[in-house]
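[1] got a predicted structure here, sequence first:
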Amino acid sequence: MSGPILIFDSGVGGLSVAAAIRRRLPTAALAYVCDNAMLPYGTKPDAWLVARIVAVCREAVAACRPAALVVACNTASTLALEALRASLTIPVVGTVPAIKPAAALSHSGHIALLATSATVNRPYTLGLIRDFAGGCRVHRLAADALVVQAERHLAGEPLDLAAIADGLAPLWEDPELDTVVLGCTHFPLLRDALNRAAPRPVTWVDSGEAIARRVAQVVPHPRVTEGPGPAWVTAEAPTLTAALAGVGFAAPQLLLLAADAPH
């Protein structure tokens, strides 16, 4: 029998993807791993990140022997999918900014990509814009501070609404902007706050449902859940227990990487 569907992120942003997968596959067994010791990923060197992502995912795969790995992180996906697929024998599903559906949804042809600094500048992202939004005006806005706000929110801490408003402010300089791509899996967790910070209605587009559809194709007969799914962190994080429980995961265990093991 196949193992669970393993969801990986640098932090809790992958919980937005986990929620979408649960909506599509309500009985599927899921597992979760986050590399919270190294959050945020967007500020780290590329080569170091690739090695780190592969190491964390290999260790988590060994721990739960999953049917597939979902890389619920735009930064990791635009950087390390090839290395992960070369290193693992299970299917690997990535996350990319929802540029194509956003371009199709926009009435004005003015869209924005809200993501981490690593994602907005990645050649992979520029290729998506070229291939799927060539006829659109695309404003790329780095919003690394929103990752911190999402982590705080799920840890039960108050949001800094002024910081969120400041981070979004450059978007509103274009009066025709009508569609915003949430190009980081952390950002859908802030949707209510994003709506409050917007001076006018816009359409927010994320990748959660598309990822869930792809997972259902890759794992058509997932193992049935038998209670809360296992979860791992790379640094102690007691405040994450409630957030993980809210999406059906057990209290997180500490994932010890081979490089971190005592000698």
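    Here it is on my side, so go on. Numbering: from 1, shown residues only.
[2] which residues touch the helix or strand bottoming out on mean pLDDT in the chain?
    When the helices and strands of the chain are scored by mean pLDDT, DSSP states H and E, helix 117-120 comes last with a mean of 86. With C-beta atoms under 8 Å, 6 or more residues apart in numbering as the test, helix 117-120 has contacts from 41-43, 74-75, 78-79, 97, 113, 125, 140-142, 144, 183-184. Backbone N, C-alpha and C define where each C-beta goes, glycine included.
[3] min pLDDT across those residues, which one?
    In terms of pLDDT, Gly42 ranks lowest among those, with 74.
[4] what residues are up against that one?
    Gly42 neighbours (C-beta under 8 Å, 6+ apart): 75, 116-119, 142, 144, 147.
[5] try Ala63
    Ala63 is in contact with 230, 232, 255, counting by C-beta under 8 Å, 6+ apart.
[6] what about the closest residue to Leu240 other than its chain neighbours, distance to Trp204?
    Distances taken as C-beta to C-beta, 6 or more residues apart in numbering put Pro252 closest to Leu240, at 6.0 Å, once the chain neighbours are dropped. Pro252 is 28 Å from Trp204, where distance means C-beta to C-beta, to the nearest Å.
[7] higher neighbour count, the two?
    The neighbour count for Pro252 versus Trp204, taken as other C-beta atoms under 10 Å, is higher for Pro252 (23 against 19).
[8] the residue nearest to Gly11 when sequence neighbours are not counted: how many residues sit nearby?
    Closest residue to Gly11 apart from its sequence neighbours, by C-beta to C-beta, 6+ apart: Leu39 at 4.6 Å. Applying other C-beta under 10 Å, we find 22 residues neighbouring Leu39.
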